[in-house]
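1. Structure for this input, please:
(2 chains)
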Amino acid sequence: DTAVSQTPKYLVTQMGNDKSIKCEQNLGHDTMYWYKQDSKKFLKIMFSYNNKELIINETVPNRFSPKSPDKAHLNLHINSLELGDSAVYFCASSHLKGPSYEQYFGPGTRLTVT
Amino acid sequence: RKEVEQDPGPFNVPEGATVAFNCTYSNSASQSFFWYRQDCRKEPKLLMSVYSSGNEDGRFTAQLNRASQYISLLIRDSKLSDSATYLCVVLRGGGADGLTFGKGTHLIIQP
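-> Next up, the predicted model:
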């Protein structure tokens, strides 16, 4: 009964490949997010979606394309992977409307590009 | 100025001691505030939301000072299991805004 789940947990791939990470939440939230945590452990927002609609798209290369088939799922597709894409990617979810804007995180996907 | 600033530590503290962390944020329009905890190679986990009136959850007390743009976390009677990185987190708006994280304060509780 995991609240926010991600697959795969680990992903090792070569430069130039295309890969996808999947995220699902069963909390009944209507908003989902992707965050990146780099080698210096700094967590930064990449995207947010509300009811399948893109709300935030921070300065992220367009090789990264999120897709939300429904409000419980938000996948991240990455084209032409580069060494600098190596990081941990966390999915999160929350309610759009308050009073609580608490976000809950998935276990992360550790991506290594060689 | 960074959006959310924290002392990275590490803070080495004996078991049973009281430890306090502080954090400042730059955007005065920020709406919501949180402390998250992150263990090594794990996801951030919500520790507590922070309210203007201050709030307490067991051994943990959080305070918010909007005038000074300052958030604090106090841990009393620290346990070995409190060893982790504590992330000060700010939500600029509401709704679908992403969280803005500080770089975290590393706490080590020593037996």
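
2. Could I get the full set of helices for chain B?
-> Read by DSSP state H, chain B holds no helices at all.

3. correction: chain A
-> Read by DSSP H, chain A holds no helices at all.

4. and whatever residue of chain B ends up closest to chain A, how far is that from B:Gly58?
-> Per C-beta to the nearest C-beta, B:Gly98 is where chain B lies closest to chain A, at 2.7 Å. The C-beta positions use only the backbone N, C-alpha and C, and glycine is treated the same way. Separation of B:Gly98 from B:Gly58 (C-beta to C-beta, to the nearest Å): 29 Å.

5. neighbour-wise, which of the two wins?
-> B:Gly98 (22 against 9; other C-beta atoms under 10 Å in any protein chain shown).

6. Quick check, the more buried one in contact with A:Glu58.
-> Yes: contact criterion C-beta atoms under 8 Å: B:Gly98 and A:Glu58 qualify, at 7.1 Å.

7. what sits in contact with each of these two?
-> Residues touching both B:Gly98 and A:Glu58 (C-beta atoms under 8 Å, 6 or more residues apart in numbering or on different chains) are A:Ile45, A:Met46.

8. Strands of chain A, residue ranges please.
-> Applying DSSP state E to chain A gives strands spanning A:4-7, A:10-13, A:19-25, A:31-37, A:43-50, A:53-57, A:64-70, A:73-78, A:87-94, A:104-105, A:109-113.

9. mind giving me a markdown table with those strands and columns for mean neighbour count, distance to B:Pro14 and mean pLDDT?
-> Formatted as a markdown table, the strands of chain A follow (neighbours: other C-beta atoms under 10 Å in any protein chain shown; distance: least, C-beta to C-beta, whole Å; pLDDT from 0 to 100):
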| stretch | mean neighbour count | distance to B:Pro14 | mean pLDDT |
| --- | --- | --- | --- |
| strand A:4-7 | 18 | 35 | 97 |
| strand A:10-13 | 14 | 36 | 97 |
| strand A:19-25 | 20 | 39 | 97 |
| strand A:31-37 | 25 | 30 | 94 |
| strand A:43-50 | 22 | 29 | 91 |
| strand A:53-57 | 14 | 43 | 82 |
| strand A:64-70 | 14 | 45 | 92 |
| strand A:73-78 | 20 | 43 | 96 |
| strand A:87-94 | 24 | 31 | 95 |
| strand A:104-105 | 20 | 31 | 95 |
| strand A:109-113 | 18 | 33 | 97 |
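
10. so what's the residue of chain B closest to chain A closest to, chain neighbours aside?
-> Leaving aside its sequence neighbours, B:Gly98 sits nearest to A:Ile45 (C-beta to C-beta, 6 or more residues apart in numbering or on different chains; 2.7 Å).
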